[in-house]
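K.L.:
Mind looking at a prediction? Sequence and model below.
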Amino acid sequence: MLLGPALALSAILFSIGVAGVLLRRNAIVLFMCIELMLNAVNLSFVALAQVHGLGGQIMVFFVMTVAAAEAAVGLAIILAIFRHTQSVDLQNINVLQG
Amino acid sequence: MQTIDLATAGGATLALLPEVVLTGAALVVLLVLSWRHTTAEDSRLAGYLSLGGVGLSAVALAYLWTADLQPLGLAHMIAVDTFRYAAVAIILIATAATILLSLQYVERERLLAPEYYCLILLAATGMMYLAGATDLIVSFLGLEVMSVAVYVLVGFNRGSVFSAEAALKYFLIGAFASAFLLYGIALIYGATGTTNIMEIGARLGQGNIPVLGALGLGLLLIGFGFKVAAVPFHMWAPDVYDGAPTPITGFMATGVKAAGVIALTRILFDGFSHSIDLWQPVVAALAIASMVLGNLVALSQRSLKRMLAYSSIAHAGYLLTAIWTGSSLGAGATLLYILAYVLTTLATFGILAALGRGGERDVTLDTIAGLGARRPWLAFALSACMLSLLGFPGTLGFIGKWTILMAIVNQAHAALGIILVLTSLVSAGYYLPVIMSMYMKPASATSPEGKMSGAGIAVIVVTVGLLLVFGFWPGPVLGIATNSARVLSGAVPSVNALVR
Amino acid sequence: MTDFLTSVGYGQWILHALIALPVLGAIVVLFGTTANAKRIGLVVAVLEFILSIGLWWAVDTRPGTMQLVAAIPWIPTWGISYRVGIDGISLFMVLLTTMLLPLCVLSSFTYIAKREKAYYALLLLLTTGVLGVFISLDLFVFYVFWELMLIPMYFLIGIWGGTNRLYAAIKFFVFTMAGSLLMLVAILVMVYRIRVVTGVLSFSYEHLLLNAVKVRSWSPWLFGGFGLAFAIKVPIFPFHTWLPDAHVEAPTAGSVMLASVLLKMGIYGFLRFAIPFFPSVALGPDITALVIGLALIGIIYGALVAMVQPDIKKLVAYSSVSHLGFAMLGVWAGSVQSVQGALMVMIGHGFSTGALFFLIGMLYERRHTREISAYGGIARVVPLFSVILMIASLSSIGLPGLNGFIGEFLILLGSFRNHPVAVGLATTGVIFAAAYLLWALQRLIFNRLDKPENSSLRDLTLREVLVMAPLVIGIVWLGLFPGPVLRKMEPATKRYLELADPGIHPIKLFSFADKSK
Amino acid sequence: MPQHSYGAIPWIGLTVLLPLLGFLVNGTLALVRPQAKRVVSLVGTGVLLASFIVAVLVVLQLRQETLIGPYTVTFWHWIVVDTLQIDFAFALDHLSAVMLLVVTGVGFLIHVFSVGYMREDPGYARFFAYLNLFIVFMLLLVLGSTVPLMFVGWEGVGLCSYLLIGFWYEEKANADAGKKAFIVNRIGDFGVLLAMFILWTSIHTLNFAVIAERAPTMLEAGGPVVTMVTLFLFLGCVGKSAQIPLYVWLPDAMAGPTPVSALIHAATMVTAGVYLVARTNVLFAMAPLSSTLVAGIGALTALFAATIGLRQYDIKKVLAYSTVSQLGYMFIGVGTGAYVAGVFHLVTHAFFKALLFLGSGSVIHAMHQAYHATHAHEDAQDMRNMGGLHRYMPWTFALMTIATLAIAGVPPFSGFFSKDEILAAAFARGAEHPVFYLFWGMGLVGALLTAYYMARLLTMTFLGDNRTGTAEQEHLHEAPWVMTAPLVVLGALSLAGGILNLPAFVGGHHALETWLDPVFEPAKKFSQLVMPHGSTELLLIGGAVVIAVIGLVAGIRGTLVRPIVVAKNAPAEMGFARVLFNKYYIDELYQFLIVSPIVGLSRLVLWKGVDQSVVDGFFVNGSAALMRGLGWLGSRLQTGQVGVYVILFLVGVVWILGSVLR
């Protein structure tokens, strides 16, 4: 069953994802960390599904599809910004400010 | 008073009629533009088609609203009540207006990809799901459908680096925030075993909320805090509003924010009505921060578009104070203020779109100097919008603020009301100079022509007209707002039998 | 006369007509041609005045209560109805407004060169806003008119003002709005508190007046909200700095309406709303001491600062601060004589300061400067102008026999019993008034005619004489025959005093100011 | 008060209405056709004559009545508020009858004189309009039945004196003098206002007759209230009748035309203070402290002004200080309780001082014409340029001599009788309060100095050799008859004025005393005054006469002993004489102590300091700048870096989760 440790693991994974988003400067890596966070949530869903029945399992499918859609659109956007700034380093993507 | 069984396919489609119609319209537009997607006429055709779709959806909504359907048993996935109908109506208004404004804008800015309109329709559908959902999963899906569509729409102007950067920022932080939201849903699912809002409310009824549930609620607030652009989750808003094409900025400021606020209201009022003492201080703090920071930073903005971005953060603050009350009058106030805010913002961005060129980032107070003399009616419309945003009597904005204040006062301590009033006084500091430069400053040589298409003029006339008409005779719209709000279970047993 | 009026059913429609006519007039002006904008404006203004004269006979002020009350439901869900009514106090404010409107329009004929249509339309809308404030009996309606009146004034100052008009316009707007927003919260809290106690949600004046006593525990805060809004409008000492800027920059008609009518809304607000609602706080020992102290400062400070102003319009603006300081002293002294004196000052000040601003406007039209030093010795060149300016100044100084004296005399006489020391200090204001006005007058029309431009000034034209004639007649008439006016307003004053008695144990806010009265 | 309607008395309103009509006619003429001199002079003087005739008729009618209270004519209810009821009503009693006659009589004579004096002046119509308006207000002051109505007249005459002093407003000095007069009067009026408020709060009436009735019963004699009222009333009198410390405006008021100085600043307006004290005699009688103060300030002013008069060279300045001094005597009179003596001196002073001023007017008029003829630019009013004019202006010289003898107090001239009674009263009062002996002494010394400076004036102007200049001499000639005729009448009155109130030892029966008895009867209850009789009276009279003669002789000899140098190259005054010439530097003192501090305070501290920088600068603009500053700070936070956004996002996350879990 291991509900406790599973939730703890997903929490750890989630925080790693957040830390990644916070520290890294590359847009793609940032996006990967976000995907990691989503998968951490999937883990917790699965863990909790043991207790509350199959609702959690079904939720994972929704999350998967959403993550896929997001990935497609996100990468397209990163590609678009790359065409303009020839770099994905978030430090120097700050034309809009003030 | 017909009853429909949500379990059956027929019942479900009937309940979801407006959304279904809109999705259908989106698919039809997609189909049509697969042949015709190069010339200006094609995009105009796509525009009119999508407009037709919105019209049909409105008809469906009208039917649903008048038919006054009652769901058999608990409404699992989507609410079938006037609160949702009102929300859908507002979303349809926003969508229609955005499409009408985009017709001219798209041609002028050479954004000749007709998928633009399809995305708008899809985003609108997502908003409807988000606003109407009684299940956290449906609201998450609605949120994501909307967000993905809007991410693309923000970056639609491939030619400008601003649009691309705005899209990127919006996408990154948006995805980041929805991850939090999802985690919240997971924890709440863990705490209560269900994702249906009404059941969550029932299950959390007895005793105080378990730790998982509290954490989940916190994460939910974070997710919606981002969507509503409340301070400290607002950092994306100014840049994204600034970079996006102006009609889309209008669409985001009105539709997206409206759907987010309504979803938050429903979840807090139905789901967490018993743990109000947990989320009320948080919402209050978010509201105060948004009002103060939004208004203050807007003071120092030179470009009109960026100023409106910060002012929309401030208005998110006003909406949050309405939600803070927790009473059904508060919910009514939220709905009314959203209507006022949506109408005014659409008109403002419509005028801004006409005045600017290439993303309107250069439209400042000096460029609109002397507009009062050259284009009296356009200047009058923008002045009316500014006064409505300021909450000046005679406009719907004032009625909205008056209702919010009534709701706050009902909670027996007016401190939040005084903060709201003082921050809106600060807002006079940046709304008035707009009126001032239009009427009281001489026209400069470079001031824009401000030519508007028929559709654009129609939007402005309708929205400003409604603003002023409802400003002087708020009776009907006020009645709808407060009655539809009473549908919510009403979190706080406050003396909210106020409204007859 | 009264039977003619009743036959016409005057009482029923007059109040609504007074509000609607200027709005219609404004619309007609907007859609007419620029050339005859001023003529339409004048016709509407004169019509409005003629209509309003009937009020003198129609309003039977003997009972002292509200007359010609009419109520139309507006927002039933919140218990708001468009209730209007008029009594002895507001009658004179309405008549003063409608009398000044035609004069303002007439005086702006040559003064305004650009955008006449908008100008006259705004002037008419301003009158609607002002009249609305004076006759509204529903706090929501009162608040809406109170704020609506801001827009026309804001544009009048902002578009047709002087060089520094933008700063003055936004300062005027934000100052007044700050006060009124706090009043908004106070209104809502009060209405809600009364609803909790009585179960009836209504914004009507009578209802709130009846039940205000039930919310005594909240009254210090509520009075603060109302009081601040009205104090800014009066203006009382610390909140007065918007007045000189607004006056200096506003066009003539704007200055006249601002000085003669808009300032009186502050005192009217105190008389109608702030004090009757919360007498125990308003007339308690410390608020009384505070207000009378500020009024005294206003009187002396206003006079002294006026003395050193290089700009004649700023001088008259500060003199208004001084005059209205008297009125505040009169209101808070709480005797029949002093309150009626305050009302007389409100009317008298309207005449004298209105006349002064018209004259300054005429001078400005000719020489385009308001610096006193730019003039000198023009009495020989423009004798008629100098005579009228002399009469207006003497009325403003409070020369007995003219209207200024009646008000100030009654205030000081009435206030002496309760506040002898305050009256002693306030009476010195009479000396300073003579000092600053006569000194300014001397530098304007007497002394050597040494500047060549002054020698070519032309005297008042017929139109300008027509503008000044009613005011001069009013100044002399009110000075010698104030009887009818005083009798007409006496019952309303008595009724106000019944409402405004602090009761047995007035609320003390701060413990240190507990000197027994 | 009984409402009698006998004979001519109800016509009293006409005396005020006629000059008002005169003012309106002349006023419109001044604006419309100022050069219609003939009509203006006809209307101006005619109206005064008619008013005088009506006044005489009214007084004759009044003589037959045995009045108990004043005879009241009510025109309309002026201010009516709840218990306060003030009517626009005239109250005629014996005192106001006397004042009525003096004002209209002397006024008429001065109007006739002005026809000649102001003939060439372009503002002729405006001058007569102001003069008529003055008479209206003066009569209002005298006839007003209530204190506020009297106050209308009180400030009205102040207004007219402001307009007339600054009549030639082209000169800044004249306009300044007018303004100074009005403001100093206003300081006095402050006192009258406060007195009214105290009266109203204590005895609920402002009607003179009712005050006289209620004061004895409702107010405690010698108590704080009655003392306060009388002191404030006296402050008003000090302002209006130019006593110390508010006398500074009268010498400057000489900037106005000479008829104005004669009418307003000698005969009528300045005596308003004395009239007020006489009118409210019951209050002053009930407040011995105030009466002593009145007499004290009167004595001090009499002496102080007389000293300044010694060293003045401008003929009108000398007469101005003489007026201030003589007013001091009147206040000694009313201060000691001898109200009749005060009023008697008021009347006689009106005659001979008007005569002196008009005489000096003729002299100045002649000097102007002489200088005008030879285009010399000399000061026509400086006595050092005159001398030996008796050869050219015999009539004026003769009449001026009569007036000088009258003012000096040489019997049988009117001045002797009135001034002597005052000094006698002061001496008699000395028995009760020794301080009055001091006042009597100061009065006596004052009389000596008066005789001296009047004689000095007479000799410098008329005797000795002429200093105007040989070329101008043939242009010096007597004034036209229209100016000299009023002088003659006034000369007769100065001569015969004494008969009005002949004392017993000369066989007279105090006519004025019996006439004014009913008015001052209420004061009798509180302060009885037994006049000296028998040997002490004769002694006093003898002493006064000797003083007068010594003063006159010393004055003449003193001025003729040293040759007088023409003004142009006169040496500067030295030593104490310089102090006197510069009037003890009082004006400079006031300017330094009061005027410039107030102006400086209000400009630097109040306007620039409090208003501009504190209230406006710090609070208003300061808070606006603060808001903009915070806004700018906020916008700096928006660096555009996604990293920063995420950091702030996480701050929000930590904070929300923290508050939710608590």
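P.N.:
Arrived safely, thanks for sending. Numbering: from 1, shown residues only, chains lettered A, B, ... in the order given.
K.L.:
Touching, residue D:147 and residue D:196? I think so.
P.N.:
Yes. Between residue D:147 and residue D:196 there is a contact under Cβ atoms under 8 Å: 5.1 Å. For the C-beta atoms, the positions are set from N, CA and C on the backbone; glycine is no exception.
K.L.:
Now do the shared contacts for these two.
P.N.:
Common contact partners of residue D:147 and residue D:196 (Cβ atoms under 8 Å, 6 or more residues apart in numbering or on different chains): residue D:206.
K.L.:
Now the phi/psi pair for residue D:90, please.
P.N.:
Backbone torsions of residue D:90, given as degrees, to the nearest 10, read phi -100, psi 140.
K.L.:
hey, what's it bridged with?
P.N.:
Assessed by DSSP bridges, residue D:90 has beta-bridge partners residue D:73, residue D:144.
K.L.:
quick one: the residue in the stretch 101-250 of chain C that chain D sits nearest to and residue C:91, what's the gap?
P.N.:
Closest contact between the stretch 101-250 of chain C and chain D, by Cβ to the nearest Cβ, is at residue C:241 (4.4 Å). In this view, residue C:241 and residue C:91 are 32 Å apart by Cβ to Cβ, to the nearest Å.
K.L.:
Please work out which residues outside the helix or strand harbouring residue D:644 touch it.
P.N.:
Secondary structure assignment for residue D:644, by DSSP states H and E: helix D:642-661. Residues outside helix D:642-661 that contact it (Cβ under 8 Å, 6+ apart) are A:18, A:21-22, A:25, A:30, A:90-91, A:93, B:168-169, B:172-173, B:176-177, B:180, B:211, B:214-215, B:217-219, B:221-222, B:225-226, B:232-233, B:235-236, B:278-279, B:281-282, B:285, D:637.
K.L.:
ok, now with 6 Å
P.N.:
A:21-22, A:90, B:169, B:172-173, B:214, B:218, B:221-222, B:232-233, B:235, B:282 (Cβ atoms under 6 Å, 6 or more residues apart in numbering or on different chains).
K.L.:
go on, stretch D:419-437?
P.N.:
So stretch D:419-437 is contacted by D:329, D:332-333, D:336, D:338, D:341, D:345, D:409, D:439-440, D:443, D:531-532, D:540-541, D:544 (Cβ under 6 Å, 6+ apart).
K.L.:
if we go to 8 Å?
P.N.:
By Cβ under 8 Å, 6+ apart, stretch D:419-437 touches D:292, D:295-296, D:299, D:329-330, D:332-333, D:336-338, D:340-342, D:344-345, D:409, D:439-440, D:443-444, D:447, D:501, D:503, D:529-532, D:536-537, D:540-541, D:544.
K.L.:
As a quick check, tell me the outermost residue of chain B.
P.N.:
What lies farthest from the middle of chain B is residue B:445; by Cα atoms, centre = their mean that is 36.5 Å.
K.L.:
Which pLDDT value belongs to that residue?
P.N.:
The confidence metric pLDDT takes the value 72 at residue B:445.
K.L.:
now it: how far from chain C?
P.N.:
Remark: distance between residue B:445 and chain C (Cβ to the nearest Cβ, to the nearest Å) = 19 Å.
K.L.:
in what helix or strand does the nearest residue to residue C:2 once chain neighbours are set aside lie?
P.N.:
The shortest distance from residue C:2 to any non-neighbouring residue, by Cβ to Cβ, 6 or more residues apart in numbering or on different chains, is to residue C:57 (4.8 Å). Using DSSP H and E, residue C:57 maps to helix C:55-58.
K.L.:
and that helix, what other elements does it pack with?
P.N.:
On a contact count with 3 or more Cβ pairs under 8 Å, 6 or more residues apart in numbering or on different chains; DSSP states H and E, helix C:55-58 meets helix C:2-7, helix C:10-31, helix C:88-107.
K.L.:
now residue B:384: how far from chain A?
P.N.:
With Cβ to the nearest Cβ as the criterion, residue B:384 and chain A are 28 Å apart.
K.L.:
Doesn't that residue belong to a strand?
P.N.:
No. Counting by DSSP: H, G, I helix; E, B strand; the rest coil, residue B:384 is located in no strand; its state is helix.
K.L.:
Per-residue pLDDT of it, please?
P.N.:
Reported pLDDT for residue B:384: 94.
K.L.:
in chain D, which helix or strand is least confident?
P.N.:
Least confident helix or strand, chain D: helix D:470-473 with a mean of 78, by mean pLDDT, DSSP states H and E.
K.L.:
after that helix comes which helix or strand?
P.N.:
As the chain continues past helix D:470-473, the following element, by DSSP H and E, is helix D:481-496.
K.L.:
so where's chain D shaky on pLDDT?
P.N.:
Applying pLDDT under 70 to chain D flags the ranges D:1-8, D:67.
K.L.:
redo that, cut-off 80
P.N.:
D:1-10, D:65-69, D:468-475, D:503-509, D:525, D:527-534, D:562-573, D:606-612, D:662 (pLDDT under 80).
K.L.:
How about the residues of the stretch 101-250 of chain D by chain C?
P.N.:
Within the stretch 101-250 of chain D, the positions adjacent to chain C are D:148, D:151-152, D:154-156, D:159, D:162, D:166, D:169-172, D:175-176, D:178-179, D:182-183, D:186-187, D:189-190, D:193-194, D:196-198, D:200-201 by Cβ under 8 Å from any Cβ of the partner chain.
K.L.:
Narrow these to those that are buried.
P.N.:
D:148, D:151-152, D:154-156, D:159, D:162, D:166, D:169, D:172, D:175-176, D:178-179, D:182-183, D:186-187, D:189-190, D:193-194, D:196-198, D:200-201 (16 or more other Cβ atoms under 10 Å in any protein chain shown).
K.L.:
Show me what counts as buried in the helix holding residue C:57.
P.N.:
C:55, C:56, C:58.
K.L.:
What mean pLDDT does that helix get?
P.N.:
If you average the pLDDT values across helix C:55-58, you get 89.
K.L.:
where does it sit relative to the chain's centre, distance-wise?
P.N.:
21 Å (Cα atoms, centre = their mean, to the nearest Å).
K.L.:
Is there any residue in the next helix or strand along the chain from that helix that contacts chain B?
P.N.:
Following helix C:55-58 in sequence order, the next helix or strand is strand C:67-75 (DSSP H and E). Yes. Contact of strand C:67-75 with chain B is found when judged by Cβ under 8 Å from any Cβ, involving C:74, C:75.
K.L.:
contacting residues around strand C:67-75?
P.N.:
Everything outside strand C:67-75 that qualifies as a contact, by Cβ under 8 Å, 6+ apart, is B:473-475, B:478, C:11-12, C:14-16, C:58-61, C:80-87, C:137-138, C:140-141, C:204.
K.L.:
now the residue in the stretch 301-450 of chain C that chain B sits nearest to: how far from chain A?
P.N.:
Closest contact between the stretch 301-450 of chain C and chain B, by Cβ to the nearest Cβ, is at residue C:368 (19.0 Å). Residue C:368 is 42 Å from chain A, where distance means Cβ to the nearest Cβ.
K.L.:
what residues does chain B put near chain C?
P.N.:
So far as Cβ under 8 Å from any Cβ goes, chain B lies against chain C at B:373, B:387, B:392-394, B:402, B:405-406, B:409-410, B:414, B:417-418, B:421-422, B:424-425, B:428-429, B:432-433, B:436, B:439-441, B:473-475, B:478-479, B:482, B:495, B:498-500.
K.L.:
Which ones among the residues you listed map onto strands?
P.N.:
Using DSSP state E, no member of the residues of chain B next to chain C sits in strands.
K.L.:
Now the buried members of the residues you listed.
P.N.:
Buried, going by 16+ other Cβ under 10 Å: B:373, B:387, B:392-394, B:402, B:405-406, B:409-410, B:414, B:417-418, B:421-422, B:424-425, B:428-429, B:432-433, B:436, B:439-441, B:474, B:478-479, B:482, B:498-499, out of those.
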